[in-house]
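Asker: whatever this is, show me its structure:
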Amino acid sequence: MHLAILTQYYPPETGAPQRRLSSLAQHFRDCGHSVTVLTAMPNYPQGRIFDGYRGLYKRSAADGIQVIRSFIYATKSTRAIPRLLNYFSFVFSSMMVGGIALTPPDYLLVESPPLFLGISGYLLSRLKSARLIFNVSDLWPESAARLGVIARSDIGYRVAESLEAFCYRKAWLVTGQSKSILQDINNRFPKARCFHLSNGADTHMFKPTGARETGNLVFRKENGEFLAAYVGLHGLAQGLEQVLAAAKLMEANEARLLLVGDGPCKQDLQAQARRGELRNVEFFDLQPADTIPTLLADVDVLLVMLKTEIPGAVPSKLYEAMAMAKPVILVGTGEAAEIVRDSDCGIVVAPGDAQSLAAALRTLRANPDLCRRLGENGRRAVL
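Answerer: Below you'll find the predicted structure:
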């Protein structure tokens, strides 16, 4: 069997979809299948093309997986026009390059978001006579509306909603990363054939580990300080302003809050921290995924952040924290909150409630035995 994966995000970029799709490709390769990835020139989340990848087209092979890359307009902006240029530049380039360079696959799996990639995926599936699998990681445009990016009354929302319906109708199979996503799709499109393709974590890579030093990031406790870390995208959906607000409510020696990663909101967050003179907040650059378990060895608690209730949102970093036997503070609701409560692996805090976030940090700081028990519960739940 030949599987093609069409995605805007793929290593050497770091992030949840990149790790998930790379693992999926490796799994099918290990099962003896042929795998080709059609993706963009790496640029995310820094918003600039990585060194060595400039141009309109690049083909490579690594570990038995063919990777075809095409042009994308790279940007870090959150404004509508640059974002649309970013999305549609890859929609068109992937159609052109894929139409020429992609060997006809048996199945074409399209990663959404971005939802617009469904256009390219559908046309390529017809051109190559492949069965179309539409993989939904976030429900768009609903998630965009929940985040305030677009109003439901806007014509853009209605156009995106029509495109969403088109993709579900034309797909041979619709896969979703959470049960809530599939329930929503089944409720609106009962004829859609759906399958749960859950997020998860590599429990061999993300596991309890001893403290070490790696590169320039050394998260070491000094004088028994309490360390809490968020690792990932600094974007609109994460609501990291709540971490800064909680830090302001705490004494500098109560907890050291580490924000690791990059994204469109990082500069604003750094400016807010400077204005607030938050000595208990530190920012660190984006790090390779394979170094994270070692870098976070001394961290006491991991933060998983969701700004608002986004249907079906279950961040993969939740499973990774659980696999590392770290207690979790989840700022969020919905299915992710249910997972934390059901597995008893952390504390759930409502989005926007800085006082409760500060209280949760204080509770875990004062109870090392509770931290250990929650971490063990999380590890047990993902095994």
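
Asker: hey, what's residue 133 bridged with?
Answerer: residue 109, residue 173 (DSSP bridges).

Asker: how deep is it tucked in, by neighbour count?
Answerer: By other Cβ atoms under 10 Å, 24 other residues sit near residue 133. For glycine as for every other residue, the C-beta is placed from the backbone atoms N, C-alpha and C.

Asker: same thing with residue 12?
Answerer: Neighbours around residue 12, by other Cβ under 10 Å: 12.

Asker: hang on, isn't it packed against residue 49?
Answerer: No: in this structure, residue 12 is not within contact of residue 49 by Cβ atoms under 8 Å, at 11.6 Å.

Asker: which parts of stretch 154-170 are buried?
Answerer: 157, 160, 161, 163, 164, 167, 168 (16 or more other Cβ atoms under 10 Å).

Asker: the last one: what secondary structure?
Answerer: Following DSSP: H, G, I helix; E, B strand; the rest coil, residue 168 is assigned to helix.

Asker: not counting sequence-adjacent ones, nearest residue to residue 94?
Answerer: Closest residue to residue 94 apart from its sequence neighbours, by Cβ to Cβ, 6 or more residues apart in numbering: residue 120 at 4.7 Å.

Asker: neighbours of the one you found, how many?
Answerer: 26.

Asker: tell me how far it lies from residue 131.
Answerer: 16 Å (Cβ to Cβ, to the nearest Å).

Asker: so who does residue 106 touch?
Answerer: 1, 2, 3, 130, 131 (Cβ atoms under 8 Å, 6 or more residues apart in numbering).

Asker: could I get the residues you listed as CSV with pLDDT?
Answerer: Formatted as CSV, the contacts of residue 106 follow (pLDDT from 0 to 100):
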residue, pLDDT
1, 96
2, 98
3, 98
130, 98
131, 98
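
Asker: and the residues you listed, which are buried?
Answerer: By neighbour count, with 16+ other Cβ under 10 Å, these hold 2, 3, 130 as buried.

Asker: residue 382: which of these is nearest?
Answerer: residue 3 (25.7 Å; Cβ to Cβ).

Asker: may I have the beta-bridge partners of the closest one?
Answerer: Going by DSSP bridges, residue 3 is paired in beta bridges with residue 35, residue 107.

Asker: contact partners for it?
Answerer: 25, 28, 33, 34, 35, 36, 105, 106, 107, 109.

Asker: what do you get if the cut-off is 7 Å, keeping everything else the same?
Answerer: Taking Cβ atoms under 7 Å, 6 or more residues apart in numbering, we find residue 3 in contact with 28, 33, 35, 105, 106, 107, 109.

Asker: as JSON lines, those with pLDDT would be great.
Answerer: Listed next are the contacts of residue 3 as JSON lines, based on pLDDT from 0 to 100:
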{"residue": "28", "pLDDT": "95"}
{"residue": "33", "pLDDT": "97"}
{"residue": "35", "pLDDT": "98"}
{"residue": "105", "pLDDT": "98"}
{"residue": "106", "pLDDT": "98"}
{"residue": "107", "pLDDT": "98"}
{"residue": "109", "pLDDT": "99"}
